[in-house]
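Chemist: Sequence and predicted structure below; questions after.
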Amino acid sequence: MRQLIVRRLLQSVPMLFFISLVCFALVKAAPGDPVLSFVTPNMHADDIERIRHNLGLDQPGYVQYGIWLKDSLTGNLGYSLVNHRPVMPQIVERLPATAGLMGASIALAVLLSIPLGLLAGSNRNRWVDKLVNLLAYIGISVPLFWLSILFIYFCSIKLHWLPSLGMHTIGKKGALDVIKHAILPCSVLTISFLSVYVRYIRSSAISQLKEDYVQIQYAFGSAKRTILFRHVMKHVLLPVITLLGMSLGDLVTGAIVTEAVFSWPGIGSLGVTAVRGFDYPIILGITLFASILLIVGNLLADILYGIADPRIKITR
Amino acid sequence: MRKPLFAAAILLTLLLSACSSGNGNNNSGAAPSENPSTNNTQPAADEQPKDGGNLIIAVGADPVLLNPNYAGDRVSLTIDQALYAPLFQVNNGKKTFYLAESLEPSADNLTYTLKLKSGLTWHDGEKLTADDVVFTIDKILDEKQNSFLRANFIIGGKPIKAVKVDDTTVEFKLPQVSPAFEATLVQVTPIPKHIFENEADIEKSPKNSTPVGSGAFKFKEYKTGEYVTLERFDNYFAGKPHLDSITYRIAKDTNAANLALQNGEINIKYLDPQDVATIQATNNFEITPYSEGRLSYLLFNENSDTGVMGKKEVRQALSYALSRDELIATAYMSGDYADPAKSILASDNIYFDNDVASFDNDAEKAKELLKTAGVSGLKLRFMTSSGNKAQEAIALYVQQKLKAIGVDVEIKPLDASAYGAKFVDPKAADFELAAAGYIMGYDPDAYSILYTTGGDANYTHYSNKAVDELFKQGAGEGDAAKRGEIYKKLQELVAEDAPVYPIAYTKTIVAVDKKYGGLQEAVLKPVVIFEDPSKLYLK
């Protein structure tokens, strides 16, 4: 097992290299350059050239990439081209906000979607199923920003229950305050994840319910609830593990729209600003973080698969 | 106007805002001596300012860098305005001294003597002296420090020199006469020498994250992505500010920020013209449009590969086909938020003169001119930045109006950054039309890079030897009356050549919660909202 993990992680090194190369090439190929994000018509061309030269932006692309690669191998992800702060602390200081929000939303979505999905699946084509399905469809199709604005309008403006902006009340600290601020964005995200998960679990439950072992349990007179939650659920958990593994990457980049609407100080908004400003050190930094998490997530999913169902052997 | 210029520029011009929308920047055609912003603020006379309370201002992004030598974006400039005191300010033609007590040119106009007030201190208690001013200028001139003000301090190929005379006196020695020097100096805000003295690269210095300024409010807390809080500086030279603190709340989504405004989570915010009615309906806000000295214009790219835009008659003909009033109604909702523009100088310019040739509202004349120019079956490409509402509106309007004179316009929407890159690319030849805007400040010399042959920012590729000569004369003319004549002639000449079609001097609209007073004293100012936020108070 340990060997497998090490091997898989080693295999991901060239992949990360490749990802960074593609990202870099794409940023470079896009029209625009970071200097443009602070150029103004009343700046003289001399100043622009001098700054471009000082930032090393007049070097050929491969040299710039080479410098970035060399630095990042020593753990230095470089400096933002726009605000000139080092990349790593900028990502690190924003990571908890996004990870916390996404983590809570995903966890809630999983907890809610398992019973809902099982319920719908076991009552196929009955009203419960139709209702859950309908809600899931709505959840998938409604644009997140619109849903967010709707939540803000009712919960903040009309009812004055919850704050609509940021993660803290100005000057206040403490977990309770953060939770209060997180409720709205978290609800929106939970709804969006939930809708996808429910449909996944529902179809998985439906196929499981056709299996022989279920029929045998029925034949033995087991209660429906016991069958569902003791036997079927175990099998249904497998696809959930895959979903979770894939969601790990989202912990870094997932909540872009929601973060913008709620002014949530996470990685998503940092990334969007960086993309607009052609700030490639930030873009590459975020991409690397997300890629690493995705790779680790998939690996974890594989391992959990093995634990959840010992018949599944982890190979290669 | 310190760097408002920059900011403005940044946000607006290059990034296309060309016109409008976004953060609401604009500017009006009001006479320079009037501040239109004050028209519906509360009567200050019958109220005594109270002390205490907090104010929350919405900003659209994180500040880039809280160091005035590098602040070019609207958010950093706005926060810096409260955090760092400027030497002096010029707003709507009125000069106000802050750290400086006076600025006097010598008889030969080659030396400017700046006197600082006495007893000035930085937020950490250190004395603010002539050393800091000299240090700031030296760092701007240092090629290794990426300041984008540097070229402004190189006059005729030589740098100016800042020399300390005594603790409160600095002399600026100019290599040659430059009446625009004061407009350059107004952009400078001193940074503390004792903090940055040993930093090799000030731009990357970690000390920028806990800025020490000299303004009315001192740095308290910055939560990335959330807010920046400043608190009252009791030793502020102009008197203790009324408010306890000001917080700049980062709100990226305009719709959500508007809701937060109504909810009381934000007290001050820029509005788009489209949102004014909603906010007004709450009856809780003073809504004030004010001038930012910004010109919104239609650009004719003379460098286009078809070559037609090089003909003056064609540019005049296209102008004749349009109507400013209709354009303003289309792009800016109403004349309340934009005044018709004819001159290339913005309305806050000291030599602004809107009484120049304007080609407007005459389709017949337009057709005639096209015939004279020997042009028929004209096809033009109009580049827009997708998502920019004002630009899109202008493009559609232009398309429809030019159709009436037999000109086909193809609208080419580009991604914002692609648009920005193409706009400033001197070789771009695959478009004829674009909508844009600029804020260039109150001295007309700044405009030379836009309209002189081969100018750094001559995006139209306009060239007229007489205009080049006038800019040169104006830059070196010490006599204000003669200088005025030069720029009057220049404005007429450029208007006649029609390198651009000036549309409007657009205004910024700002909503301020009625709980707050002192708006008139704080003075609404381009880009940074308030010139002196120490005067604001909670009623």
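Modeler: That came in fine, so what should we check first?
Chemist: Next to chain A, which bits of the stretch 251-400 of chain B? Give me the list.
Modeler: Residues of the stretch 251-400 of chain B lying near chain A by C-beta under 8 Å from any C-beta of the partner chain: B:Ala251, B:Lys252, B:Asp253, B:Asn255, B:Ala256, B:Ala257, B:Leu259, B:Ala260, B:Gln262, B:Asn263, B:Glu265, B:Ile266. The C-beta positions use only the backbone N, C-alpha and C, and glycine is treated the same way.
Chemist: Now stretch B:161-179: buried residues?
Modeler: Going by neighbour count (16 or more other C-beta atoms under 10 Å in any protein chain shown), the buried part of stretch B:161-179 is B:Lys161, B:Ala162, B:Lys164, B:Thr168, B:Thr169, B:Val170, B:Glu171, B:Phe172, B:Leu174, B:Val177, B:Ser178, B:Pro179.
Chemist: how long is that stretch end to end?
Modeler: Stretch B:161-179 has its terminal residues 16 Å apart, counting by C-alpha to C-alpha, to the nearest Å.
Chemist: Now do that stretch: distance to the chain's middle.
Modeler: Averaging C-alpha positions (C-alpha atoms, centre = their mean, to the nearest Å) puts stretch B:161-179 26 Å from its chain's average.
Chemist: Equivalent analysis for stretch A:248-267, please.
Modeler: That offset, for stretch A:248-267, works out to 8 Å (C-alpha atoms, centre = their mean).
Chemist: what about it, near chain B?
Modeler: Yes - using C-beta under 8 Å from any C-beta, stretch A:248-267 reaches chain B at A:Ala260, A:Val261, A:Phe262, A:Ser263, A:Trp264, A:Pro265, A:Gly266.
Chemist: Those residues of the stretch 401-539 of chain B touching chain A, which are they?
Modeler: So the stretch 401-539 of chain B meets chain A at B:415-418, B:420-422, B:424, B:438, B:440-441, B:446, B:449-450, B:456-457, B:459 (C-beta under 8 Å from any C-beta).
Chemist: which of these count as buried?
Modeler: B:416-418, B:420-422, B:424, B:438, B:440-441, B:446, B:449-450, B:456-457, B:459.
Chemist: Strands of the stretch 201-350 of chain B, residue ranges please.
Modeler: Using DSSP state E, counting those that start in this stretch, the strands found in the stretch 201-350 of chain B span residues B:217-223, B:227-232, B:245-250, B:268-271, B:285-300, B:338-340.
Chemist: which helices and strands does the fourth one pack with?
Modeler: The helices and strands touching strand B:268-271, judged by 3 or more C-beta pairs under 8 Å, 6 or more residues apart in numbering or on different chains; DSSP states H and E, are strand B:54-59, helix B:254-263, strand B:500-513.
Chemist: Now do the first one, average pLDDT.
Modeler: Model confidence over strand B:54-59 averages 94 on the pLDDT scale.
Chemist: So what angle separates the directions of that strand and helix B:254-263?
Modeler: Angle of strand B:54-59 versus helix B:254-263, following axes from the mean of the first three to the mean of the last three C-alpha atoms, to 10 degrees, is 160 degrees.
Chemist: And the contacts of strand B:54-59?
Modeler: A:170, B:74-75, B:78-79, B:243-251, B:257, B:260-261, B:265-270, B:516, B:529, B:533, B:536, B:538 (C-beta atoms under 8 Å, 6 or more residues apart in numbering or on different chains).
Chemist: again, only this time at 6 Å
Modeler: By C-beta atoms under 6 Å, 6 or more residues apart in numbering or on different chains, the residues outside strand B:54-59 that reach it are B:75, B:243-251, B:257, B:266-269.
Chemist: Ok, the longest one next?
Modeler: Strand B:500-513 is contacted from outside by B:24-29, B:267-271, B:279, B:285-292, B:294-299, B:319, B:327-328, B:337-339, B:341-342, B:347, B:460, using C-beta under 6 Å, 6+ apart.
Chemist: Show only the entries of the residues of the stretch 401-539 of chain B next to chain A found in helices.
Modeler: Among those, DSSP state H puts B:Ala416, B:Ser417, B:Ala418, B:Gly420, B:Ala421, B:Lys422, B:Val424, B:Ile449, B:Leu450 in helices.
Chemist: Measure how buried the residue lying closest to B:Leu322 once chain neighbours are set aside is and give me the count.
Modeler: In this structure, B:Leu322 finds its nearest non-sequential neighbour in B:Lys401, 5.5 Å apart by C-beta to C-beta, 6 or more residues apart in numbering or on different chains. B:Lys401: 20 surrounding residues under other C-beta atoms under 10 Å in any protein chain shown.
Chemist: now the angle between helix B:416-424 and the helix or strand B:Lys401 falls within, please.
Modeler: According to DSSP states H and E, B:Lys401 maps onto helix B:389-403. Interaxial angle, helix B:389-403 versus helix B:416-424 (the same axes, to 10 degrees): 60 degrees.
Chemist: Now helix B:389-403: buried residues?
Modeler: B:389-399, B:401-402.
Chemist: How about stretch A:293-306?
Modeler: By neighbour count on 16+ other C-beta under 10 Å, the buried set for stretch A:293-306 is A:293-305.
Chemist: Looking at those residues, which is nearest chain B?
Modeler: A:Leu293 (20.0 Å; C-beta to the nearest C-beta).
Chemist: Look up how far A:Gly103 lies from that closest one.
Modeler: Going from A:Leu293 to A:Gly103 by C-beta to C-beta, to the nearest Å gives 12 Å.
Chemist: and what of B:Ala366?
Modeler: 63 Å.
Chemist: If you count surrounding residues, which of those two has more?
Modeler: More crowded of B:Ala366 and A:Gly103, by other C-beta under 10 Å: B:Ala366, with 26 against 16.
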